[in-house]
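1. sequence plus the predicted model coming up.
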Amino acid sequence: MDLNTGSGIASSREYLFGRFTMQIKLPSGNSAGVVTTFYFASSGEKHDEVDFEFLGNSSGQPYILHTNIFAQGEGNREQQFYLWFDPTADYHNYTLVWNPKNLLFFVDSKLIRVFKNNMASGVPFPHDQPMQVYSSIWDAEDWATQGGRVKTDWSLVPFTAHYKDFDVDACYPEYDYSKCQWDFPYTYWYDQVPDWTQQGVLDWVKRDKMIYNYCKDSRRFPEGLPLECTLP
């Protein structure tokens, strides 16, 4: 990314449910205002979207991982975390498991977030719109670093993010979705839910690494927290 342009890549096909992993090395040094992304999005007005967004800062550390989920065009489901390593020094794995039961976010195989399918209780969930996979680097100096108070230092351009070894095992429109659970040799992800070890890691992340959770932000939702925040 420089003064004139950001950049991005996209998958050549759409997917409906799957396990997706990208290895990413983030821009180092003063990266205030720079956002690097790995995300999933459908087309159309009431789109579904799942985001990994990495927010740069002036010191280079610590990076904030910003996550969000849109379902039927409705977002505002942000959770943010401090990463427990230097994501600019080497590549790290970022994984989404998307199946009919839940969305599972992983960093280096550590579970950091779960969003359950609570459609039966009236909560929208990405379940019927295929999504493409995207990655990008772009200028978000108006909001990304301390709410936009710290601006991008354009004397440091270009800002460079590195991606490699995209790995995907997923269903896609050419297949009958009803057969996804047995059409692939490694589709354990199709029914995957957190096991007790992953739940323990998730509890540690929530306790020690989470810095924002929309389900705890009553000032943002004065008329009541979103429905999924009140469900088990």
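-> That came through fine.
2. okay, CA-based contacts and neighbour counts for the rest of this
-> Will do.
3. and the helices in the protein?
-> Defined through DSSP state H, the helices belonging to the chain, from first to last, are 180-183, 196-208.
4. tell me how far the residue in the chain sticking out farthest from the centre lies from D2.
-> Among the C-alpha atoms of the chain, the one most distant from their mean position (C-alpha atoms, centre = their mean) is that of S155, at 29.3 Å. Distance of S155 to D2, computed by C-alpha to C-alpha, to the nearest Å: 9 Å.
5. mind listing the residues bridging to the spatially most central residue of the chain?
-> Most central in the chain under C-alpha atoms, centre = their mean is F52, positioned 2.6 Å from the mean C-alpha point. On DSSP bridges, the residues paired with F52 through beta bridges are F38, T67.
6. hmm, back to that, least reliable of the helices of the chain going by mean pLDDT?
-> Considering those one by one, the lowest average pLDDT is found for helix 180-183, at a mean of 56.
7. low-confidence bits of this structure, can you list those?
-> Judged against pLDDT under 70, the low-scoring parts of the chain cover residues 141, 143-149, 174-187.
8. what's near enough to touch Q132?
-> Under the criterion of C-alpha atoms under 8 Å, 6 or more residues apart in numbering, the contact list for Q132 reads 10-15, 40-42.
9. only whichever of these are buried, select them in PyMOL.
-> Those of these that meet the burial criterion (16 or more other C-alpha atoms under 10 Å) are gathered into one PyMOL selection, given here:
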select buried, resi 14+15+40+41+42
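10. which ones among the contacts of Q132 are found in strands?
-> Assigned to strands by DSSP state E, the following of those qualify: 10, 40-41.
11. just the terminal-to-terminal distance for stretch 213-226.
-> Chord length of stretch 213-226, first to last residue, is 12 Å (C-alpha to C-alpha).
12. what of stretch 224-232?
-> With C-alpha to C-alpha as the measure, the ends of stretch 224-232 fall 16 Å from one another.
13. give the buried residues for that stretch.
-> Going by neighbour count (16+ other C-alpha under 10 Å), the buried part of stretch 224-232 is 225, 228.
14. can you offset everything so residue one is 31?
-> All set: I'll call the first residue 31, so the last point we hit is now stretch 254-262.
15. against Q159, how distant is the nearest residue in space to G90 that is not next to it in sequence?
-> Computed as C-alpha to C-alpha, 6 or more residues apart in numbering, the closest residue to G90 that is not its neighbour in sequence is G59, at 4.5 Å. Here the distance between G59 and Q159 works out to 38 Å (C-alpha to C-alpha).
16. I167 now?
-> Between I167 and Q159 the computed distance is 25 Å (C-alpha to C-alpha).
17. look at these two and report which has more neighbours.
-> Between I167 and Q159, counted using other C-alpha atoms under 10 Å, I167 has the larger neighbour count: 25 against 20.
18. okay, and the beta partners of that one?
-> With DSSP bridges applied, I167 shows beta-bridge pairing to S37, T66.
19. ok, it - contacts?
-> Contact criterion C-alpha under 8 Å, 6+ apart gives 31, 36-38, 64-67, 190-191 as the residues in contact with I167.
20. pipe the residues you listed into JSON lines and attach neighbour count and distance to H77 per row.
-> Formatted as JSON lines, the entries for the contacts of I167 read as follows, by neighbours: other C-alpha atoms under 10 Å; distance: C-alpha to C-alpha, whole Å:
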{"residue": "M31", "neighbour count": "18", "distance to H77": "27"}
{"residue": "G36", "neighbour count": "17", "distance to H77": "23"}
{"residue": "S37", "neighbour count": "13", "distance to H77": "22"}
{"residue": "G38", "neighbour count": "13", "distance to H77": "19"}
{"residue": "V64", "neighbour count": "28", "distance to H77": "25"}
{"residue": "V65", "neighbour count": "26", "distance to H77": "21"}
{"residue": "T66", "neighbour count": "29", "distance to H77": "21"}
{"residue": "T67", "neighbour count": "23", "distance to H77": "18"}
{"residue": "T190", "neighbour count": "17", "distance to H77": "29"}
{"residue": "A191", "neighbour count": "19", "distance to H77": "27"}
